[in-house]
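Engineer: model the structure of this input:
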Amino acid sequence: MSYFLQHVAQDLRAHFADLSRVVVVFPNRRAGLFLNDYLVEDAPDDTPLWAPRYVTISELFRELSDVTLNDAVDSVCRLYAHYVDLLRSAGDAAADELSLDTFYGWADRILADFDDVDKNMADASQLFRNLEELKELESTEFLSKAQKELIGSFFSNFDPDHKSELRERFRRLWNALLPLYRRLNAELLAEGKAYEGALYRRVVNALAEERCALPADVDCYA
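Structural biologist: Below is the predicted model:
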């Protein structure tokens, strides 16, 4: 029985005489250990063998990026500060009641959503559209039981069947997502930082616009 990495090793040796000029990108570094074993298996006896360089997907993007990766906890704290500021600007009394402990779970989910938006190169302004335009929110009858449970898990200590509360809290937070997205990205970028998804987006855009390039001393990324 042959394995995928065996085929990769055979293909690399067949096409590249100098594997030191090859970079193999893995989800994690552990796979590189197995690929090394397969490369050695196919190597002629006593023949020196240079191993490829192994990097993770995250490491590759960070190498090509012009910004540094921001700490996730710091990003959550920034989201909290911006959300409270948005509530205060709107004259919302919840600004004085919302603690970081309460908001932390929300912020963690929001940050994960922002990460997904950027890694999928989605248009945030279209995705986080204003829910005031969605007339369906006048009723929660369109929500399935599973959807109500999902929203309930997002808004802890909250019964999704209390329809007016559902509409108000869900609309308030959702309508803040686009301003939060823009504020967080602008603040981090001003400091030369980004969360992972935003960093990925910047690299993809820079490569597409030829503002950055892959290293010249690498013959192949596999």
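Engineer: now the element after the lengthiest helix in the chain, going C-ward?
Structural biologist: Assignment by DSSP state H gives helix 163-190 as the longest helix of the chain. Scanning forward in sequence from helix 163-190 by DSSP states H and E, the next helix or strand is strand 193-194.
Engineer: and the gap between Leu12 and Ser20?
Structural biologist: As judged by Cβ to Cβ, to the nearest Å, Leu12 and Ser20 stand 12 Å apart. No exception for glycine: its C-beta is placed from N, CA and C like everyone else's.
Engineer: about what we covered before: and the longest helix of the chain, how far from the chain's centre?
Structural biologist: Distance of helix 163-190 from the chain centroid (Cα atoms, centre = their mean, to the nearest Å) equals 17 Å.
Engineer: over to stretch 87-99?
Structural biologist: On the basis of Cα atoms, centre = their mean, stretch 87-99 is displaced by 28 Å from the centre of the chain it belongs to.
Engineer: average pLDDT across that stretch?
Structural biologist: Mean pLDDT, computed over stretch 87-99, is 77.
Engineer: that older thread, overlap of the contact sets of Leu12 and Ser20?
Structural biologist: By Cβ atoms under 8 Å, 6 or more residues apart in numbering, Leu12 and Ser20 have these common neighbours: Pro52.
Engineer: with neighbour numbers in mind, choose between those two.
Structural biologist: More crowded of Leu12 and Ser20, by other Cβ atoms under 10 Å: Leu12, with 19 against 14.
Engineer: buried ones in the helix or strand the more buried one falls within, by neighbour count?
Structural biologist: Counting by DSSP H and E, the element that carries Leu12 is helix 4-15. Of all the residues in helix 4-15, those buried under the rule 16 or more other Cβ atoms under 10 Å are 5-6, 8-9, 12.
Engineer: and the next helix or strand past it?
Structural biologist: With elements assigned by DSSP H and E, the helix or strand that comes after helix 4-15 is strand 22-26.
Engineer: buried set for that following strand?
Structural biologist: The neighbour-count check on strand 22-26 (16+ other Cβ under 10 Å) flags 22-24, 26 as buried.
Engineer: tell me which of the buried residues of helix 4-15 is nearest to Asp101?
Structural biologist: Closest approach to Asp101 among the buried residues of helix 4-15 (Cβ to Cβ): Leu5, at 45.1 Å.
Engineer: need the contact list for that closest one.
Structural biologist: Counting by Cβ under 8 Å, 6+ apart, Leu5 makes contact with 31, 34-35, 38.
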